[in-house]
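Novice: Sharing a model prediction with you, sequence too.
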Amino acid sequence: MVKVPENIKAAFTAQRVIPMATVNGEGVPNIIYVGIWWWEDEETLCVVNNYLNKTLANVKDNGRVCFVCYGKGGSYQIKCMAEDVTDGPLYVKAHKLATERERPFPGRSAVVCRVLEIYQGSGGDGAGDRLA
Ligand SMILES: Cc1cc2nc3c(=O)[nH]c(=O)nc-3n(C[C@H](O)[C@H](O)[C@H](O)COP(=O)(O)O)c2cc1C
């Protein structure tokens, strides 16, 4: 795992709704948007599973997840290994986030994504370079 620097965490947080890519066992990619998620710590991004379908199947199949963001703070890509968590503190946190709101969502589980690699997402010098 790698530690995600504050400025990169902030770049993701500022975008709020971020693309989440997964892949199935045959190599078929799948990408969705997620809007309910949080940084649990400097190595861990948690997504609230409300409606994940193919994404959840892919997480259970191989755990590989990739996110990307862009904004004033720059553009970054992170590659993670994820697991579906259906009990314990992270599940409770995800469920609360989903259900204790004006328009509640199901909050079925927490997809806990541990960051393994970070890349520069911006064009120009260093495009695609591995940062950590
Ligand atoms: C703006 C936006 C935000 C979304 N946020 C979430 C989310 O936080 N959690 C979730 O489970 N689904 C969320 N969805 C739904 C997923 O993007 C997607 O529809 C769902 O995972 C089913 O697709 P799949 O079969 O590829 O997994 C969101 C959709 C949109 C358009």
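Specialist: Arrived safely, thanks for sending.
Novice: mind listing what His95 touches?
Specialist: Shown in contact with His95 (CB atoms under 8 Å, 6 or more residues apart in numbering): Gly107. For the C-beta atoms, the positions are set from N, CA and C on the backbone; glycine is no exception.
Novice: model confidence over stretch 19-29, on average?
Specialist: Averaged over stretch 19-29, pLDDT sits at 98.
Novice: Now look at the longest strand seen in the chain and say if it contacts the ligand.
Specialist: Of all segments of type strand in the chain, defined using DSSP state E, the longest is strand 109-120. No: on the criterion CB under 6 Å from any ligand atom, strand 109-120 is out of touch with the ligand, staying 8.3 Å away.
Novice: Show me what that strand is packed up against.
Specialist: strand 44-49, helix 54-62, strand 64-69, strand 76-85, helix 89-99 (3 or more CB pairs under 8 Å, 6 or more residues apart in numbering; DSSP states H and E).
Novice: how far does the third one sit from the chain's center?
Specialist: Averaged C-alpha coordinates place strand 64-69 at 6 Å from its chain's average position (CA atoms, centre = their mean, to the nearest Å).
Novice: That one pairs with which strands?
Specialist: strand 18-23 (antiparallel), strand 76-85 (antiparallel) (DSSP bridges).
Novice: right, and these - which one's nearest the ligand?
Specialist: Nearest to the ligand among the strands paired with strand 64-69 is strand 18-23; the distance by CB to the nearest ligand atom comes to 7.6 Å.
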